[in-house]
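Enquirer: Quick one, fold the following:
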Amino acid sequence: MGKAQKYVLLGDATYPLQDWILKPYQEDENLTQRQLQFNYRLKRAHSVIENAFLRLKARWQILLKCDDCSLELLPTLVLACCILHNVCEAHDNPFNEEWLEGAEPTELPKPCQPAPAAMEDNRAEQVRELMCQYFESCGEG
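Expert: Numbers count the residues shown, from 1 in each chain. Next up is the predicted model:
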């Protein structure tokens, strides 16, 4: 799009729109086709991420019970699991689907209400609009 962008995190409607947090457009009857497509693609990307974390936790089940290790060790433990997981995935190390049974996603408590508009960053709308244009230019998928 001719404009360098930094990395962003994906959030849902409960997060405030920031230039580093992408969230979907508020669902209503006034959304354009472009905005609907943006929301759809954001949802798809979010599900890919959830699946990747599920596979990571299934393969390295120590991540399911990190509450029994020290906080100083935790970042190193998570990083080591991520690196080893990526090595296994890159070398087509078989993933045992039975592992998923022990790593079912747990629903963590989330805010029920959208973030107040006052928490939103006005510059962030420009970032979301650029991403919306990018998704539109990529065609279907």
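
Enquirer: Quick check: buried residues in the biggest helix by length in the chain?
Expert: The longest helix of the chain (DSSP state H) is helix 33-59. By neighbour count with 16 or more other Cβ atoms under 10 Å, helix 33-59 contains the buried residues 35, 37, 38, 39, 41, 42, 55, 56, 57, 58, 59. For glycine as for every other residue, the C-beta is placed from the backbone atoms N, C-alpha and C.

Enquirer: Toward the C-terminus from it, list the very next helix or strand.
Expert: Under the assignment DSSP states H and E, the closest C-terminal helix or strand after helix 33-59 is helix 74-90.

Enquirer: got a list of contacts for that next one?
Expert: By Cβ atoms under 8 Å, 6 or more residues apart in numbering, the residues outside helix 74-90 that reach it are 55, 56, 59, 60, 62, 63, 66, 69, 93, 95.

Enquirer: can you check stretch 58-71 too?
Expert: By Cβ under 8 Å, 6+ apart, stretch 58-71 touches 56-57, 74, 77-78, 81, 84-85, 88, 95, 99-100, 102-103.

Enquirer: Among these, which one lies nearest to residue 48?
Expert: Of all those, residue 56 has the smallest distance to residue 48: 12.7 Å, by Cβ to Cβ.

Enquirer: check contacts around the closest one.
Expert: 63, 81, 82, 85.

Enquirer: could you flag which of those residues are buried?
Expert: Buried subset of these (neighbour count, 16+ other Cβ under 10 Å): 63, 81, 85.

Enquirer: coming back round to it: using CSV, lay out the contacts of residue 56 together with distance to residue 4 and pLDDT.
Expert: Output for the contacts of residue 56, formatted as CSV (distance: Cβ to Cβ, whole Å; pLDDT from 0 to 100):
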residue, distance to residue 4, pLDDT
63, 34, 82
81, 31, 92
82, 26, 91
85, 30, 89
